[in-house]
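**Student:** Need a 3D model of the sequence below.
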Amino acid sequence: MAQAAVPRYVTDASGSFSDCPPGHRFNLYFEIWEERWTLGKKADALRKTLSCNSVAGLLEGLRKRQQALANALPENCLHVFDARATAPFATGLGLEHPVENGFAFLSPYGLPYLAGSGVKGVLRKAAEELRDDGDTDISQPVIDALFGKEDANSARRGALSCWDVFPRPPKDEMSIEIMTPHLGHYYQGGSSPHEAGKPNPIPFLAVPAGSAFRFVVTCEPALLGDAVDLNVWKDLLDRITRHAFDWLGFGAKTAVGYGAMEDDPRAREERDRIQREAQEKLQREQKEQERLRTLELMTPLERSIREFLDARTDKNQPEVSALMQGLKTSRWSGDEKREVARQVRAIMQAAKKWKEKSEKKNPDKDRDFQDSLQVRRWIDGN
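**Tutor:** Okay, here's the model as predicted:
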């Protein structure tokens, strides 16, 4: 039975490593070793590393924390775009591993990720291809301003910074891909190359097609210089990104179709909805804090009146109507009741609804006059 290369007491204490992140199961607790340290079946060992169920909450929390940090930046210095993989995604295949192909996991989380440096490299390559294709808006000075200058004598950093990307597999599970080199007789045996060599299936780990990717790019305006206007860098980046999605891809083995992406409008709409709800929640909290600060500066009676009005079921009910209803139901008494009645009179006078006498033939049908009589009685203590 294959086991991980760890001390026995670790295996005895854990029982199994199924609850570990996939990166830990792949790198630290990879169960492939047979007795006498011979390799077991690679595909069987890889299958034990695929599940991301135990870290789905961790992954979502990491993505939300990243989005919260992004939301704290000025809008003109931030560009976020969502994408979905149309092909499997692999990265870090050159890392040493018993299956001959490694995979890049972010420590200490053990989650698959695409390094921000890799994102920036692909975007720079896409910009250079657009320049070479004759796009007059993406010149070498623009590329240097956005991505930095690589000349050894005048190197400088660019205005753009690309954050790490954390893919979210559609079923919380990674996948196994197979490469089949068949030129071993040439590379290792010294024979002349030909297409009839014996294939050598090699399994390797990948993030499956359909996985969600969120790219976050920030801009430092001071580094744009005169080459790029702050109001157009996002438009330029959109064109560069579309070219990268359509023609380049991200990660390893892009020459054979891996790492291909497409824009994900549904994810963008969902992100916009979440941001909008968060902004509305913040506005409500700020409004509530302002209301509480205002209440602290009021007298006890003013505070009582304001809290009574804020508690109205029908927010469209006029304040005079609400206060009179409160007076009729003995919400206040004694001096407080008289003071509230005086405030009602002041509001009615400001609205030109206070009447000392009625001009109608039947004063009983004059609503404003009757309300004025009632308020006057309350002021008089009746």
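**Student:** got the contact list for the closest residue to residue 174 other than its chain neighbours?
**Tutor:** Nearest in space to residue 174, with sequence neighbours left out and distances taken as CB to CB, 6 or more residues apart in numbering, is residue 50 at 4.7 Å. In short, each C-beta sits where N, CA and C put it, glycine included. Listed by CB atoms under 8 Å, 6 or more residues apart in numbering, the contact partners of residue 50 are 22, 173-176, 205.
**Student:** Using CSV, lay out the residues you listed together with distance to residue 10, secondary structure and neighbour count.
**Tutor:** Listed next are the contacts of residue 50 as CSV, based on distance: CB to CB, whole Å; DSSP: H, G, I helix; E, B strand; the rest coil; neighbours: other CB atoms under 10 Å:
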residue, distance to residue 10, secondary structure, neighbour count
22, 18, helix, 24
173, 25, strand, 13
174, 24, coil, 26
175, 28, strand, 18
176, 26, strand, 17
205, 23, strand, 27
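**Student:** Closest to residue 107 out of these?
**Tutor:** Checking the contacts of residue 50 against residue 107 by CB to CB gives residue 22 as the nearest, at 12.6 Å.
**Student:** what residue ranges in this structure are flagged as low confidence?
**Tutor:** Along the chain, the model assigns pLDDT under 70 to no residue.
**Student:** can I see the domain layout of it?
**Tutor:** Per automatic domain parsing, the structural domains of the chain span 55-180+197-263, 299-379.
**Student:** Out of those domains, the one nearest residue 4 is which?
**Tutor:** Judging those by CB to CB, what sits closest to residue 4 is domain 55-180+197-263, at 10.8 Å.
**Student:** So residue 244 is in contact with residue 126, correct?
**Tutor:** Yes: Residue 244 is in contact with residue 126 according to CB atoms under 8 Å; the separation is 4.0 Å.
**Student:** who has more neighbours, those two?
**Tutor:** Counted by other CB atoms under 10 Å, residue 244 and residue 126 do not tie: residue 244 has more neighbours, with 25 against 22.
**Student:** where exactly do the helices run in the stretch 101-250 of the chain?
**Tutor:** Remark: helices assigned in the stretch 101-250 of the chain by DSSP state H, counting those that start in this stretch are 116-132, 140-147, 184-187, 233-243.
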